[in-house]
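Asks: sequence and predicted model, in that order:
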Amino acid sequence: MDKFNIPKINPIIPNFPKIKNHNLADAFYNRLVSIIVDFEKNLKSDEEVGARLVSFGETIIIHIDDLGYWNPSLIYFYGRDNKDREVQLVQHISQISVLLMKVPRTNSQRERIGFKIQQRQKEEKE
């Protein structure tokens, strides 16, 4: 029986473009960041980004402090309610429906969320 000399194939192909799945949570996260950054451009110095959430039987307004995600399908909203209690909303990407709104700033020293997230993304790329 003849033996074939088959070369081993390296499964990692250098410089192969990464295929992006636009339906994963990280893609939704990046789109939300872009929307928030754009929304922040029209805020006054005494305002910050808030969100009105209406799917809980009552209307809840949160001051958004940060966003996060967990692929394949979860988005996290971190913030504070009007009584300054910490809140975290875990939302499936198929259910995202957030009304962004201008709310009075509760802490003028806190960086704007869009700026903070963009800085973090820039540092992660370096």
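Replies: Thanks, I have the structure now. Residues are numbered from 1 along each chain as shown.

Asks: and the longest helix for the chain?
Replies: helix 25-40 (DSSP state H).

Asks: give me the buried positions along that one.
Replies: Residues 25, 28-30, 32-33, 36-37, 40 are the ones in helix 25-40 that count as buried (16 or more other C-beta atoms under 10 Å). Backbone N, C-alpha and C define where each C-beta goes, glycine included.

Asks: from Glu47, how far off is Lys41?
Replies: 12 Å (C-beta to C-beta, to the nearest Å).

Asks: same thing with Val33?
Replies: Taken as C-beta to C-beta, the span from Val33 to Glu47 is 18 Å.

Asks: ditto for Trp70
Replies: The gap separating Trp70 from Glu47 is 30 Å, by C-beta to C-beta.

Asks: any stretches of the chain with poor pLDDT?
Replies: Judged by pLDDT under 70, the chain has its weakly predicted residues at 1-19, 54-56.

Asks: and the residue sitting nearest the centre point of the chain, what does it touch?
Replies: In the chain, the C-alpha closest to the average C-alpha coordinate belongs to Tyr29, at a distance of 3.3 Å (C-alpha atoms, centre = their mean). With contacts defined as C-beta atoms under 8 Å, 6 or more residues apart in numbering, Tyr29 is in contact with 67-69, 75.

Asks: same check on Ser94?
Replies: Ser73 are the contacts of Ser94 under C-beta under 8 Å, 6+ apart.
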